[in-house]
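A.B. asks: Predicted model and sequence below, questions to follow.
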Amino acid sequence: DAGVIQSPRHEVTEMGQEVTLRCKPISGHDYLFWYRQTMMRGLELLIYFNNNVPIDDSGMPEDRFSAKMPNASFSTLKIQPSEPRDSAVYFCASSSLGRDEKLFFGSGTQLSVL
Amino acid sequence: GQSLEQPSEVTAVEGAIVQINCTYQTSGFYGLSWYQQHDGGAPTFLSYNALDGLEETGRFSSFLSRSDSYGYLLLQELQMKDSASYFCAVSHGGGYQKVTFGTGTKLQVIP
């Protein structure tokens, strides 16, 4: 398996634009997590899914953030409109918690909002 | 809510032993994990403890005390490549598990 695949690796956009981050989890994993990492706040859990269903989105900072998982092999995190304070590294991770406690992280998307 | 505390920075000498502590407060606790992250990279899994005691994996060991809500990561025979950030993380929840990370400890290994 190629591991968790995220795209794009880097995204530079202007304030007010829509940003869509993509994630392909490892096949067979039933949990998918979206994290945001900044120097100030560390690794924050934004939202997680189990079997494609959103379980807890309490970490999503504002209504500008939304996430979907239309099928077991694809998830998106969308920010609309983007703001400079959204600049961070966004990680997607997948797992089969309960059977294997490891989270496997993608390479992350470095987002810069100007 | 959940909270995890770990030191922000640790410096140790190559070949030495270093211990990184983690204390946590959470409900619905399942277990404590440790992850390593090099600068510019993604976190990678190191270990997981669900029960009290010590788990050893090569040069790395991890300990958990559920009654004290405390754990640590022990790195032995430090190498320069061990310079990285180390995160403790709690698996917790009601029916579904979620994983919440600490703020990380930046380890610098010096010659």
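C.D. replies: All right, it came through fine. Everything numeric here is computed off the predicted structure, so don't read it as measured data. Numbers count the residues shown, from 1 in each chain, chains lettered A, B, ... in the order given.
A.B. asks: Using CSV, write out every CA atom in the lowest-mean-pLDDT helix or strand in chain A.
C.D. replies: Across the helices and strands of chain A, mean pLDDT, DSSP states H and E gives its lowest value to strand A:100-105, namely a mean of 92. Taking Å, rounded to 0.1, in the frame of the first residue of the first chain, the C-alpha atoms of strand A:100-105 are listed here in CSV:
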residue,chain,number,x,y,z
ASP,A,100,-4.3,-1.7,15.4
GLU,A,101,-3.7,1.5,17.4
LYS,A,102,-1.3,3.1,15.0
LEU,A,103,-2.3,6.3,13.1
PHE,A,104,-0.7,6.5,9.7
PHE,A,105,-0.2,10.1,8.6
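A.B. asks: ok, now which ones touch residue B:85?
C.D. replies: B:36, B:37, B:38, B:39, B:104, B:105, B:106, B:107 (CB atoms under 8 Å, 6 or more residues apart in numbering or on different chains). In this view, the C-beta of every residue, glycine as well, is placed from N, C-alpha and C.
A.B. asks: out of the residues you listed, which are buried?
C.D. replies: Neighbour-count burial (16 or more other CB atoms under 10 Å in any protein chain shown) applied to the contacts of residue B:85 gives B:36, B:37, B:104, B:105, B:107.
A.B. asks: Provide the strand pairings for whichever helix or strand the last one is part of, with the direction of each partner.
C.D. replies: Applying DSSP states H and E as the criterion places residue B:107 in strand B:105-110. Looking at strand B:105-110 with DSSP bridges, its paired strands and their directions are strand B:9-13 (parallel), strand B:84-92 (antiparallel).
A.B. asks: Of those strands, which stretch is the most buried?
C.D. replies: Of all those, strand B:84-92 has the most neighbours on average by mean count of other CB atoms under 10 Å in any protein chain shown, namely a mean of 23.
A.B. asks: Can you read off the pLDDT for the residue in chain A sticking out farthest from the centre?
C.D. replies: Distance from the C-alpha centroid of chain A peaks at residue A:99, with 22.3 Å (CA atoms, centre = their mean). On pLDDT, residue A:99 comes in at 79.
A.B. asks: Now it: phi and psi?
C.D. replies: phi -110, psi -40 (degrees, to the nearest 10).
A.B. asks: Tell me the spacing between it and residue A:29.
C.D. replies: 10 Å (CB to CB, to the nearest Å).
A.B. asks: Within range of chain A, give me the residues from chain B.
C.D. replies: B:30-31, B:33, B:35, B:41-45, B:48, B:50, B:87, B:89, B:91, B:96-104 (CB under 8 Å from any CB of the partner chain).
A.B. asks: Narrow those residues to just the buried residues.
C.D. replies: B:30-31, B:33, B:35, B:42-43, B:45, B:48, B:87, B:89, B:91, B:96-104.
A.B. asks: From those residues, which land in strands?
C.D. replies: Under the assignment DSSP state E, those contribute B:30-31, B:33, B:35, B:45, B:48, B:87, B:89, B:91, B:98-101 to strands.
A.B. asks: Let's have these in CSV, adding pLDDT and distance to residue B:68.
C.D. replies: Converted to CSV, these look like this (pLDDT from 0 to 100; distance: CB to CB, whole Å):
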residue, pLDDT, distance to residue B:68
B:30, 93, 17
B:31, 95, 15
B:33, 97, 17
B:35, 98, 21
B:45, 96, 24
B:48, 95, 18
B:87, 97, 20
B:89, 97, 18
B:91, 94, 18
B:98, 92, 22
B:99, 94, 21
B:100, 95, 19
B:101, 96, 20
